[in-house]
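Engineer: Quick one, what's the 3D model for this:
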Amino acid sequence: MSNPLYRPANPLLWTGRIDDEEATPALRWHQQMQCLDMHQPLPCMANRLALLGFACDAGVKRNKGRPGAAAGPEALRKGLANAACSDTPLFDAGDVHCDGDRLESAQQALAEQLHSLLAADARPVVLGGGHEVAWASFQGLIPRLQHSQKRLGIINFDAHLDLRNPVKEGSSGTPFRQIAQWCEANRQPFNYFVLGVNPSANTDALFDYARAKQVQWLEDTYIEAEPLGALAAHCDEFLARVDALYLTVCLDVFNAAFAPGVSAPAALGVSPARMLWLFGYLLRQAKTHNKPVWLLDIAELNPAYDPDNQTARLGARIIWQYQKAIVQPE
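Structural biologist: Residues are numbered from 1 along each chain as shown. Now for the predicted structure:
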């Protein structure tokens, strides 16, 4: 069924350099990308990466952040276009656009498109948009969660807990509380782990709620200072409690020197090297212990504040690493 908030993939975004090598193919993402129209029957996408954009600023605006995240999906695609890849198909499933303040309608539209990709056995990566995308992404996972009866673990790289009360309306600050409320209403465990929390950016009320819900978190300074073995132990402890994963990355988890193009830049934050090590470790452990990663999304890229596309390139590197480790393992 046609959805007015959905727009098919734009092939004009996928351009870049072409290398002329004599032996092994020297391929880049723009050469392997197949653009889809979700209104049409989908091709075979078993275990293949599929991008789906969420062009939305409404949640950031409601959360009193600086708007611009609606342009994030296009910037991430441009950041990926020249990335190296192997000889395997990649798919772009287009975008869901939020018109004005129609956030809830856009979230429902994204959930429907995401469910279709999951039903086709694709490996979706959702490109935000503000972090209100997480509530939309989770809604897209609900049918699989209910059918599989697996214990889902949500791992969020983020400076913020995003557990604000949505009693008035949802925003980029409420998605994981909305998920917690759904889990409670449907008698599902709420397994939530936040990596990179900035304690000065989260109120006591949010930490109290997190403790009440047995949320696990590591602060930004802890991630930067502790040995990698200690960080791995925290990840292993969380992974032992779950059967499948939903990974979400808010780009404001990084120091603003590395990621200036976000809604709320961090004065301290986590370094990309530490984050990428943790991200890679989680992917390897999930694969080793047969805990499927159902979804990755990238949130809060704001190209209007991103000189030289620095933050977009960082987001693209995370997606590249995910594709390398999960979709096309060595």
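
Engineer: contacts, neighbours, all on C-alpha from now
Structural biologist: OK.

Engineer: list the contacts for residue 282?
Structural biologist: Applying C-alpha atoms under 8 Å, 6 or more residues apart in numbering to residue 282 gives the contacts residue 235.

Engineer: Give the buried residues for the strand or helix carrying it.
Structural biologist: Assigning secondary structure by DSSP states H and E places residue 282 in helix 272-288. Buried residues in helix 272-288, defined by neighbour count with 16 or more other C-alpha atoms under 10 Å: 272, 274-275, 278-284, 286.

Engineer: swap in stretch 156-166?
Structural biologist: Neighbour counts over stretch 156-166 (16+ other C-alpha under 10 Å) mark 156-165 as buried.

Engineer: Over to stretch 257-266?
Structural biologist: Buried-residue list, stretch 257-266, by 16+ other C-alpha under 10 Å: 258-266.

Engineer: for stretch 168-182, same thing?
Structural biologist: Applying 16+ other C-alpha under 10 Å to stretch 168-182 flags 170-180, 182 as buried.

Engineer: can I get the residues you listed in CSV with pLDDT, distance to residue 94 and secondary structure?
Structural biologist: As requested, these are arranged in CSV below (pLDDT from 0 to 100; distance: C-alpha to C-alpha, whole Å; DSSP: H, G, I helix; E, B strand; the rest coil):
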residue, pLDDT, distance to residue 94, secondary structure
170, 96, 24, coil
171, 96, 23, coil
172, 96, 22, coil
173, 96, 25, coil
174, 97, 25, coil
175, 98, 23, helix
176, 98, 25, helix
177, 98, 28, helix
178, 98, 26, helix
179, 98, 25, helix
180, 98, 29, helix
182, 98, 28, helix
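
Engineer: give me every residue that touches the spatially closest residue to residue 284 that is not a sequence neighbour.
Structural biologist: Using C-alpha to C-alpha, 6 or more residues apart in numbering and skipping residues adjacent in sequence, the residue nearest residue 284 is residue 325, 7.3 Å away. Residues counted as contacts of residue 325 (C-alpha under 8 Å, 6+ apart) are 280, 283-284.
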